[in-house]
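> compute the structure for the input listed below.
(2 chains)
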Amino acid sequence: MTDARIEPVETAAARGHAGRVRIALVPSRLGAAFLGSGLVVALAAIIVLDRSWRPDDLLPVLVGCAGLIAALLARAMAPGFAWMALIVGSLAAAGVPTGLSRAADPGVIGVGPWLVLAIPASISAIVTVAIAALYATRPERRLTRVGTLAAFLVAWLVVACAVVVVLTIAGARADPDFTIVDVATTPTGLFLHFVLLLAALGVTADLRAAMSRADAHSIGAGAGGPPIGDRVRAVLRELIPGQADADAAAIEAERIRLAGDLHAVVLPTLRRAIAEAEAGLPIENLAARLRSVDLELERLMADRWPVVLDAFGLVAALEDLAERTEADGAVQVVLEIEGSAGRPRPEIERTAWRVAQLAVDNAVRHAGASQIAITVAVAPDRLGLSISDDGRGFDPAGAVRPAARGLVDLGRRASAVGASLQIVPGDPSGTVVRLEWPAPG
Amino acid sequence: MIRLVVVDDHPAIAVAVAAATTDRDDIDLVGRATSMDEAITLIDEVRPDVVLCDIWLGGSPAGLDVLRSTARSRRSRVLMLSGFEQPSFLRGAFEGGAAGYLSKASDLDEILEAVVAVAAGATRFPDVTLRALRDAPRRPSAREIEALLLLARGSTNDEIASGLGISIKTVESHLRRLFGRYGVLSRTELALLAVREGWVSGDP
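Model prediction:
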């Protein structure tokens, strides 16, 4: 058996790299001994208590062990959900002994075995819930040491075993028909319980870690934090295997892009300014250089931190975008506001903003448009945005070119927030990009 | 003696103002707040003549809320301070009832001069935003000129909307963009500019 070593969430989050918390599963002598003792107890109980045991009776234990090992392996690849798979697997394993008992003797499904299973299960459930609740609510009491975790498990196993022994003796005294067969499945039940306990701890640890990552990711949250719905969504997102890594990769790519832009446009101008200043060129030259650096920096920031969007909402941000686009060149941007009755969730606003930004950028840069029309209708519970241009148009067959990939990515992002993104040819020419939230149908 | 409160989540401005006001006998720094709630309580308590308030507090434009809450009571004049040049911020400050809007790039002397000016009842808005300064003056689009024509004749937004067959929100948006682009803050200023630049004729 392996142990769950649960790292302190704060340190792990502080370590950066998207605050990924590693719950390392390391083999240890203590863990191996624990698994061994559990198996011995289970096998001994079956062999000693049930003299008519058959090899079949070992099946549930073996199935359970296989399930546990498979779940632990799966967890290494898909953190977050494997614990839940573990619980399901354990429940399936627990179904096997019941099925076998019924096959062997339909009469055993009486009060006896269920009682024997139910009582340790209840104790186990209470202990598990208590530990999990403690863990979830009091960070400073988290089980960070393997020894403590093992001690909890051993203590529980001892209690559960004692209960089974007492019930067996009491059952046999009260009712001569109460045979030892009735408790033959109990060791599997015991096994099931500690797997469940472990799984519950794992689930709690994963949830805590996901919550802490989600918190670390939600930037700029005001006092009181984001609404509960957004929080739950963020946590679920963190739980999806690979999602956090994909997010981290996206952040990394963005960081590289930013560094590249700084390198390509800001640094050279600054260096030219320095060189010119050192060469004693007139101050006007320096001012002109600095002004262009300022402009470039502002442009880079506007693309990454839509401050007007955050502060004033989508309509103001689109006005800002329209003004900046017009100021850049010959493109005219007509903005039609069909409704503006409040602000939707930030992620919706941000998605809409990104769509508008990218569509306008595509129209200007790749389609050679001379006029862009943006139509927007926005309310807290719905949003419609359409950007049409009179440019060269979009070839759906050529959708693999890099410029189009951005829109494909945006389509994915749109559906992730429950919106739909449509890219259709314009009439008579050009492209129409349409975002609708909630997605129709 | 002008009683001044500084609201900023970064200490730089407050420290500089504090240092400068010890030598001056016309401004007295009576308090400093670093958050919206703190600011509202402080302003309510000390009732300063002038509040120098950063627009961006703790990652949101909470300075505008301080402005609205203070401007409602009409006891203090509020001078907004901002690192942002986007027209939306300037407009937000103007509509919230600010007595002025200063760039964080301003000299300390300029800031203190503005404090004295607004305490005396003046306003201190930049004639044009820096962005508008940087850009070549641009002729409005045909649609915008149609709207300006109606505006210059004294039409309301409603009348402009029905006159042009567009939504009232679009009219508001046209005007906001024009305000931002040309660095004006009121309809009158915009109408005067349109006539002066010859975009619309002055005759009805």
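
> so what's B:Val118 up against?
B:Val50, B:Arg77, B:Leu79, B:Ala99, B:Gly100, B:Arg124 (C-beta atoms under 8 Å, 6 or more residues apart in numbering or on different chains). C-beta here means a position set from N, CA and C on the backbone, and glycine is covered the same way.

> mind giving me JSON lines with those and columns for neighbour count, distance to chain A and secondary structure?
Output for the contacts of B:Val118, formatted as JSON lines (neighbours: other C-beta atoms under 10 Å in any protein chain shown; distance: C-beta to the nearest C-beta, whole Å; DSSP: H, G, I helix; E, B strand; the rest coil):
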{"residue": "B:Val50", "neighbour count": "23", "distance to chain A": "24", "secondary structure": "strand"}
{"residue": "B:Arg77", "neighbour count": "25", "distance to chain A": "23", "secondary structure": "strand"}
{"residue": "B:Leu79", "neighbour count": "26", "distance to chain A": "19", "secondary structure": "strand"}
{"residue": "B:Ala99", "neighbour count": "24", "distance to chain A": "21", "secondary structure": "coil"}
{"residue": "B:Gly100", "neighbour count": "23", "distance to chain A": "19", "secondary structure": "strand"}
{"residue": "B:Arg124", "neighbour count": "19", "distance to chain A": "22", "secondary structure": "strand"}
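
> by pLDDT, give me the weakest of these.
Within the contacts of B:Val118, B:Arg124 has the lowest pLDDT, namely 88.

> how about the nearest residue to that one, chain neighbours excluded?
Spatially, and ignoring its direct neighbours in sequence, B:Arg124 is nearest to B:Gly100 (3.2 Å; C-beta to C-beta, 6 or more residues apart in numbering or on different chains).

> again with B:Gly63
Nearest residue to B:Gly63, sequence neighbours excluded (C-beta to C-beta, 6+ apart): B:Ile55, at 3.9 Å.

> and the one you found, backbone torsions?
Taking degrees, to the nearest 10, you get phi -70, psi -30 for the backbone angles of B:Ile55.

> show me what contacts it?
Here B:Ile55 is in contact with B:Pro61, B:Gly63, B:Leu64, B:Met80, B:Leu81, B:Ser82, B:Phe84, B:Phe89, B:Gly92, B:Ala93 (criterion: C-beta under 8 Å, 6+ apart).

> distance of it from B:Glu172?
Per C-beta to C-beta, to the nearest Å, B:Ile55 is found 22 Å from B:Glu172.

> burial count for the nearest residue to A:Asp381 once chain neighbours are set aside?
Spatially, and ignoring its direct neighbours in sequence, A:Asp381 is nearest to A:Pro344 (7.0 Å; C-beta to C-beta, 6+ apart). Neighbour count for A:Pro344, taken as other C-beta atoms under 10 Å in any protein chain shown: 21.

> quick one: secondary structure of the residue of the stretch 251-400 of chain A found nearest chain B?
Closest residue of the stretch 251-400 of chain A to chain B, C-beta to the nearest C-beta: A:Ile337 (3.6 Å). Here A:Ile337 is recorded as strand under DSSP: H, G, I helix; E, B strand; the rest coil.

> same check on A:Gly342?
Secondary structure for A:Gly342, judged by three-state DSSP, is coil.

> per-residue pLDDT, it?
For A:Gly342, the pLDDT comes out at 89.

> roughly how far does the closest residue to it other than its chain neighbours sit from B:Val17?
In space, A:Gly342 comes closest to A:Pro380 once its chain neighbours are excluded; the distance is 4.3 Å by C-beta to C-beta, 6+ apart. Distance, A:Pro380 to B:Val17, by C-beta to C-beta: 40 Å.

> do the same with A:Val378
40 Å.

> quick one, which of those two is more surrounded?
Neighbour count, other C-beta under 10 Å: between A:Val378 and B:Val17, A:Val378 has more, with 25 against 21.

> which helices and strands does the helix or strand hosting A:Gly260 pack with?
Remark: A:Gly260 resides in helix A:243-261, with elements defined by DSSP states H and E. Here helix A:243-261 touches helix A:228-239, helix A:283-304, going by 3 or more C-beta pairs under 8 Å, 6 or more residues apart in numbering or on different chains; DSSP states H and E.

> and the residue in chain B positioned nearest to chain A, what's its pLDDT?
As assessed by C-beta to the nearest C-beta, chain A sits closest to B:Lys169 within chain B, at 3.6 Å. B:Lys169 carries a pLDDT score of 91 in this model.

> which one is it nearest to, not counting chain neighbours?
Of all residues not flanking B:Lys169 in the chain, A:Ile337 sits nearest, at 3.6 Å (C-beta to C-beta, 6+ apart).

> do A:Leu358 as well
That would be A:Gly406: by C-beta to C-beta, 6+ apart, it lies 5.1 Å from A:Leu358.

> next one: B:Leu102
B:Leu81 (5.2 Å).

> quick check: which element contains that neighbour?
Using DSSP H and E, B:Leu81 sits in strand B:77-82.

> domains of chain B?
The record's domain parsing of chain B by automatic domain parsing lists B:2-126, B:142-196.

> now the helices and strands packed on helix A:243-261 in TSV, with mean pLDDT?
Putting these into TSV (pLDDT from 0 to 100) gives the following:
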stretch	mean pLDDT
helix A:228-239	71
helix A:283-304	84
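
> right, so these: which one is the most enclosed?
helix A:228-239 (a mean of 16; mean count of other C-beta atoms under 10 Å in any protein chain shown).

> any part of it near chain B?
No: Helix A:228-239 is not in contact with chain B by C-beta under 8 Å from any C-beta of the partner chain; minimum separation 15.9 Å.

> just the angle for that helix relative to helix A:243-261, thanks.
With axes from the mean of the first three to the mean of the last three C-alpha atoms, to 10 degrees defining the directions, helix A:228-239 sits at 90 degrees from helix A:243-261.

> helices or strands up against helix A:228-239?
Taking 3+ C-beta pairs under 8 Å, 6+ apart as the contact cut, helix A:228-239 packs with helix A:186-217, helix A:243-261.

> try it again with 7 Å
Under the contact criterion of 3 or more C-beta pairs under 7 Å, 6 or more residues apart in numbering or on different chains; DSSP states H and E, helix A:228-239 touches helix A:186-217.

> pLDDT on whichever strand or helix holds B:Leu112, on average?
Under the criterion of DSSP H and E, B:Leu112 resides in helix B:108-119. Average pLDDT, helix B:108-119: 92.

> with stretch B:142-152 instead?
90.

> export the contacts of B:Ile55 as a markdown table, with columns for pLDDT.
Converted to a markdown table, the contacts of B:Ile55 look like this (pLDDT from 0 to 100):
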| residue | pLDDT |
| --- | --- |
| B:Pro61 | 88 |
| B:Gly63 | 92 |
| B:Leu64 | 93 |
| B:Met80 | 93 |
| B:Leu81 | 91 |
| B:Ser82 | 88 |
| B:Phe84 | 82 |
| B:Phe89 | 86 |
| B:Gly92 | 86 |
| B:Ala93 | 89 |
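
> need those residues in JSON lines (columns: neighbour count).
Converted to JSON lines, the contacts of B:Ile55 look like this (neighbours: other C-beta atoms under 10 Å in any protein chain shown):
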{"residue": "B:Pro61", "neighbour count": "24"}
{"residue": "B:Gly63", "neighbour count": "29"}
{"residue": "B:Leu64", "neighbour count": "23"}
{"residue": "B:Met80", "neighbour count": "27"}
{"residue": "B:Leu81", "neighbour count": "23"}
{"residue": "B:Ser82", "neighbour count": "21"}
{"residue": "B:Phe84", "neighbour count": "19"}
{"residue": "B:Phe89", "neighbour count": "26"}
{"residue": "B:Gly92", "neighbour count": "25"}
{"residue": "B:Ala93", "neighbour count": "27"}
